[in-house]
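Q: Okay, sequence plus prediction incoming.
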Amino acid sequence: MREDDCIFCKIANGGIPSETIYEDDMFRVILDLGPASKGHALILPKQHYRDICDLDEETAAKVLPLAAKIGVAMKKALGCSGFNVVQNNGKEAGQTVFHFHVHLIPRYEEGPVMVSWMPGKVSPEELAQTGAAIRSAL
């Protein structure tokens, strides 16, 4: 995808209006139009990166501190008791817009369960094989 065709590039750089809650020279943080909960926000880099594997180190180093800053503000302003930091990479992982972005989803007491999974079972042998495969690819 070319950057000029990317909807998140257009939003991040002010070409499409959004409810912006934070902006600096590298990022725009907006409220999601289809929120999972009240205050659901997206951290959008102004530069185009397809996914986390495409990020440069400077951008990567600033994303989590920014997520924490916004999360603290959400807890203070919205009264949420916590928040999820969600980042999807690839279609099978749930990425629908191929511009790196981070979801910040406020969580409220008595709110719905949103991010969970059933723990699977794995043998020590399978863990060893999987670990060896990943280490060999590093």
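A: That came through, no problem. Numbering: from 1, shown residues only.

Q: and G94, how many neighbours?
A: By other CB atoms under 10 Å, the residues close to G94 number 11. Bear in mind the C-beta positions are built from the backbone N, C-alpha and C, glycine included.

Q: again, but for V29
A: Here the number of neighbours of V29 (other CB under 10 Å) works out to 24.

Q: nearest residue to it other than its sequence neighbours?
A: Distances taken as CB to CB, 6 or more residues apart in numbering put Y22 closest to V29, at 4.0 Å, once the chain neighbours are dropped.

Q: any idea how far the helix or strand containing that neighbour is from the chain center?
A: Y22 is part of strand 20-23 when elements are defined by DSSP states H and E. Between the centre of strand 20-23 and the centre of its chain there are 15 Å (CA atoms, centre = their mean, to the nearest Å).

Q: in it, what's buried?
A: I21 (16 or more other CB atoms under 10 Å).

Q: do stretch 55-62 as well
A: 55, 59.

Q: For that stretch, give me every contacting residue.
A: 26-27, 45, 47, 49, 52, 63, 100 (CB atoms under 8 Å, 6 or more residues apart in numbering).

Q: 6 Å instead, please
A: 45, 49, 100 (CB atoms under 6 Å, 6 or more residues apart in numbering).

Q: Most neighbours among the residues you listed, which one?
A: That'd be F100 among the contacts of stretch 55-62, by other CB under 10 Å, with 25 neighbours.

Q: could I get the helix or strand of the chain with the lowest mean pLDDT in CSV with only the CA atoms?
A: Least confident helix or strand, the chain: helix 124-137 with a mean of 93, by mean pLDDT, DSSP states H and E. Extracted C-alpha coordinates of helix 124-137, given in CSV (Å, rounded to 0.1, in the frame of the first residue of the first chain):
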residue,chain,number,x,y,z
PRO,A,124,7.9,-30.2,27.6
GLU,A,125,9.2,-31.8,24.3
GLU,A,126,7.0,-29.5,22.2
LEU,A,127,8.1,-26.5,24.2
ALA,A,128,11.7,-27.4,23.6
GLN,A,129,11.2,-27.9,19.8
THR,A,130,9.3,-24.7,19.5
GLY,A,131,11.9,-22.8,21.5
ALA,A,132,14.7,-24.3,19.4
ALA,A,133,12.9,-23.3,16.1
ILE,A,134,12.4,-19.7,17.2
ARG,A,135,16.0,-19.3,18.5
SER,A,136,17.4,-20.7,15.3
ALA,A,137,15.5,-18.0,13.3
